[in-house]
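Colleague: give me coordinates for this.
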Amino acid sequence: MVPVRVENLTIAYHQKPVLQEVSFEAPQGKLIGIVGPNGAGKSTLIKGILGLIPIASGEVRIYEEIYKKQRKKVGYVPQRGTVDWDFPTNALDVVLMGRYGHIGWFKRPNKKDQDFAKACLQKVGMLEFANRQISELSGGQQQRVFLARALAQEADVYFMDEPFVGVDAATEKAIIALLNELKEMGKTVLVVHHDLQTVEEYFDWVLLLNMRKIAFGPTKSTFTIENLQKAYGGRLTFLQDQLILGK
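Modeller: Residues are numbered from 1 along each chain as shown. This next block holds a predicted model:
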């Protein structure tokens, strides 16, 4: 079964289309970068797939079922800037939130859940901060905690909205190592990404987006200057030399 199938997805704000008739099928066990200029609808695409915003038309299927039936199979890491980091909770409690799909919202996590959450924090190098208030953590540390929460969900498909933004080099390295580990486990990971120079290094497949699907497929054949020009237009000019130099 296809992990993520999107068919003719259209999303509009105040009757103005933001995404128009986007269709693609995400293959199993791949790291997929969602790339495009600012305002292209990258974050909107993820939110529409997850039912966080209404869609005007089209269909979304997670393993051939509607998202509501497959919530337990999906993990989500939102943009760090959209999270209320002043909420009074510590890092371990944030990660335990990822277990509620398994234990239910009205049951307390048991020792097994606690131990699993701590193992997820250990995996992202944050176990020593388990009892630290999230508001006291750095941006990179906060991002690692949210990654640990996604791991705690034990999902099959992960959506991550710009996880590398505002993090230090060590955190970026830890994130990409974790993404590759998820891929080795057969998970499918879709990542909104803004750094064109690292796309070829980080992702197996790429979705180029600018309100519509520009191109989708294996990175080697899809992430081309021609397709980038279609996605970015004149805004690509100042990046083109950097991309060539980076090859």
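Colleague: and the strands in this protein?
Modeller: Defined through DSSP state E, the strands belonging to the chain, from first to last, are 4-13, 16-26, 31-35, 57-62, 74-77, 157-161, 188-192, 205-210, 212-218.
Colleague: for P109, which of those strands is the nearest?
Modeller: Minimum separation from P109 across the strands of the chain (Cβ to Cβ) falls at strand 74-77, 17.3 Å. All C-beta atoms are positioned from the backbone trio N, CA, C, and that covers glycine.
Colleague: number of nearby residues for G51?
Modeller: Neighbours of G51 under the rule other Cβ atoms under 10 Å: 13.
Colleague: list the contacts for W205?
Modeller: Residues in contact with W205, defined by Cβ atoms under 8 Å, 6 or more residues apart in numbering, are 26-27, 30-33, 216-219, 222.
Colleague: name the member of those with the most neighbours.
Modeller: Greatest neighbour count in those, by other Cβ under 10 Å, goes to G33: 26 neighbours.
Colleague: leaving out the residues flanking it, which one is nearest to it?
Modeller: The shortest distance from G33 to any residue that is not its chain neighbour, by Cβ to Cβ, 6 or more residues apart in numbering, is 3.7 Å, and that residue is F203.
Colleague: look at the one you found and say how many residues are nearby.
Modeller: When neighbours are defined as other Cβ under 10 Å, F203 has 25 of them.
Colleague: equivalent analysis for I55, please.
Modeller: 19.
Colleague: likewise for A119?
Modeller: A119 is surrounded by 14 other residues when neighbours are defined as other Cβ under 10 Å.
Colleague: circling back to that earlier point, tell me the one of the contacts of W205 nearest S43?
Modeller: Nearest to S43 among the contacts of W205: G33, at 13.7 Å, using Cβ to Cβ.
Colleague: for the closest one, what are its contacts?
Modeller: The neighbourhood of G33, defined by Cβ under 8 Å, 6+ apart, consists of 191, 193, 199, 202-203, 205-207, 219.
Colleague: could you redo the last one with a cut-off of 7 Å?
Modeller: When the contact criterion is Cβ atoms under 7 Å, 6 or more residues apart in numbering, the partners of G33 are 191, 193, 199, 202-203, 206.
Colleague: tell me the buried residues within the residues you listed.
Modeller: In the contacts of G33, burial by neighbour count holds for 191, 193, 199, 202-203, 206, counting by 16 or more other Cβ atoms under 10 Å.
Colleague: dump those into TSV; add distance to G101 and pLDDT as well.
Modeller: Shown next, in TSV, are these (distance: Cβ to Cβ, whole Å; pLDDT from 0 to 100):
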residue	distance to G101	pLDDT
V191	21	97
H193	26	94
V199	31	95
Y202	27	96
F203	27	97
V206	29	98
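Colleague: now the residues you listed in CSV, with distance to V77?
Modeller: Putting the buried ones among the contacts of G33 into CSV (distance: Cβ to Cβ, whole Å) gives the following:
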residue, distance to V77
V191, 9
H193, 13
V199, 18
Y202, 15
F203, 16
V206, 19
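Colleague: closest one to A169 out of these, please.
Modeller: The shortest approach to A169 among these belongs to Y202, at 14.0 Å (Cβ to Cβ).
Colleague: quick check: longest helix of this protein.
Modeller: Of all the segments of type helix in the chain, defined by DSSP state H, the longest one is helix 169-184.
Colleague: now this structure, which segments are flagged as low pLDDT?
Modeller: In the prediction, the chain carries residues with pLDDT under 70 at positions 81-83, 85, 102-107, 234-247.
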